[in-house]
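Engineer: Pasted the sequence and its predicted model underneath.
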Amino acid sequence: MEQKSKFRIGIDLGGTKIELVVLDAGGAELFRKRIPTPREYVATLDAIASLVGEAEAGLDEKASVGVGIPGVISPFTGLVKNANCTWINGHPLDRDLGERLQRPVKVANDANCFAVSEAVDGAAAGKSVVFGVIIGTGCGAGIAINGRVHGGGNGIGGEWGHNPLPWMTADEFNSTRCFCGNQDCIETFVSGTGFVRDFRAAGGVAASGIEIAEMMQAGDELATQAFNRFIDRLARSLAHVINMLDPDVIVLGGGVSNIKAIYRQLPAVLSGYVVGRECHTQVVANLYGSSSGVRGAAWLWG
């Protein structure tokens with residue numbers, strides 16, 4: 001059931017902070033606030049309800065409410081699973097919040113919210129099929145089709161980071177272990193953490209992917225080699241998606257997406273892995289940065 005309102009509230013529920021934004025019908029931001037996340041379920045519900053009440057104090061009607069979480073709601077049990085905010089796992093977050101707020105609430109994975117935000121009025125506005133990738137401490141992805149989340153029958157659409165790195169070399173095979181319990185996941189290579197791990201294994205010293213990129217720009221050979229490996233692994237991982245989904249555009253988010261050299265070097269390498277060796281898929285930086293997830297949550301109601 002769709003909720004009709006001229007105002008949209010988006011909530012980004014993370015492990016350390018809860019962020020809320022109010023958008024009008026055209027996407028203009030009317031209100032924003034961020035608070036620390038209580039590390040307990042009922043307290044988290046109370047905090048969100050209080051934020052919504054504060055946000056609506058200046059509105060002349062109730063807003064629709066969408067929430068992005070670092071996990072999913074199982075379509076089979078109706079309970080949150082796979083969230084790194086572990087205290088919300090096993091709870092019907094959308095139903096419990098709906099009862100508190102006296103309206104239906106939509107909940108989606110935060111990477112899917114990112115994809116929706118960029119598809120509706122961001123870097124991929126006007127595109128039908130958008131693959132949104134977040135590369136930070138970890139890496140994840142979401143799919144938006146015609147501006148709406150494609151969650152899939154199991155609720156895990158876009159779980160790109162927890163597939164094996166495609167076309168692994170001999171030295172890559174069985175070289176990493178992921179927190180999900182599997183080996184050689186894309187996340188362990190393509191995340192900012194994986195980028196730094198690889199650089200350090202080669203003898204380099206850096207605290208972040210951005211720092212490695214800066215060293216590369218300054219002519220550091222180890223950093224250049226690490227960046228080239230990173231680009232090749234990212235290209236393999238995205239080519240796998242293009243071969244299956246063939247999105248109209250791929251939008252990158254997260255801290256690593258700020259490395260401008262990615263957009264110069266990646267397209268040529270992508271073509272070498274896509275079936276037919278032709279690839280004109282746009283890979284672009286996000287428009288809304290760290291705000292994209294919370295804006296996407298607001299757009300969950302269309």
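Structural biologist: Looks like it arrived, so ask away. Numbering: from 1, shown residues only.
Engineer: Going by C-alpha atoms from here, please, whenever you check contacts or count neighbours.
Structural biologist: Will do.
Engineer: Neighbours of Pro92, how many?
Structural biologist: With neighbours defined by other Cα atoms under 10 Å, the count for Pro92 comes to 17.
Engineer: pull the longest helix from this structure.
Structural biologist: In the chain, taking DSSP state H as the definition, the longest helix is helix 221-244.
Engineer: elements contacting it?
Structural biologist: When contacts are defined as 3 or more Cα pairs under 8 Å, 6 or more residues apart in numbering; DSSP states H and E, helix 221-244 packs onto helix 186-190, helix 192-201, helix 209-217, helix 261-271.
Engineer: just these: most buried one?
Structural biologist: Across the helices and strands packed on helix 221-244, averaging neighbours per residue (mean count of other Cα atoms under 10 Å) puts helix 186-190 on top, at a mean of 27.
Engineer: Can you name every helix or strand that that helix contacts?
Structural biologist: Contacts defined by 3+ Cα pairs under 8 Å, 6+ apart place helix 186-190 against strand 139-145, helix 192-201, helix 221-244.
Engineer: Return the list of strands paired to the shortest one, each annotated with direction.
Structural biologist: When you say that, I think you mean strand 139-145. Paired strands of strand 139-145, with direction, are strand 129-135 (antiparallel), strand 148-149 (antiparallel) (DSSP bridges).
Engineer: what does the shortest one rub up against?
Structural biologist: Right, strand 148-149. Here strand 148-149 makes contact (Cα atoms under 8 Å, 6 or more residues apart in numbering) with 108, 112-113, 115-116, 142-143, 300, 302.
Engineer: Just to be sure, which of those residues are found in strands?
Structural biologist: Under the assignment DSSP state E, the contacts of strand 148-149 contribute 108, 142-143 to strands.
Engineer: and of those residues, the nearest to Phe131?
Structural biologist: Closest approach between the ones in strands among the contacts of strand 148-149 and Phe131, by Cα to Cα: Ile143, at 4.9 Å.
Engineer: Near that closest one, how many other residues are there?
Structural biologist: For Ile143, the neighbour count with other Cα under 10 Å is 29.
Engineer: Leaving out sequence neighbours, find the closest residue to it.
Structural biologist: Spatially, and ignoring its direct neighbours in sequence, Ile143 is nearest to Phe131 (4.9 Å; Cα to Cα, 6 or more residues apart in numbering).
Engineer: give the contact list for that neighbour.
Structural biologist: 115, 141-144, 158, 247, 249-251.
Engineer: which strand residues sit across from it in the sheet?
Structural biologist: Note on Phe131: beta-bridge partners by DSSP bridges are Ile143, Ile250.
Engineer: Any figure for the gap between it and Gly255?
Structural biologist: 17 Å (Cα to Cα, to the nearest Å).
Engineer: same question, Leu270
Structural biologist: Separation of Leu270 from Gly255 (Cα to Cα): 21 Å.
Engineer: Also Lys106?
Structural biologist: Going from Lys106 to Gly255 by Cα to Cα gives 27 Å.
Engineer: who has more neighbours, these two?
Structural biologist: Of the pair Lys106 and Gly255, Lys106 is the one with more neighbours under other Cα under 10 Å, namely 21 against 18.
Engineer: Can you verify the more buried one is assigned to a helix?
Structural biologist: No: under DSSP: H, G, I helix; E, B strand; the rest coil, Lys106 sits outside any helix and is assigned strand.
Engineer: Quick one: residues contacting the residue nearest to it when sequence neighbours are not counted.
Structural biologist: Nearest non-adjacent residue to Lys106, counting by Cα to Cα, 6+ apart: Gly66, 4.7 Å away. Shown in contact with Gly66 (Cα under 8 Å, 6+ apart): 8-11, 105-108, 297-301.
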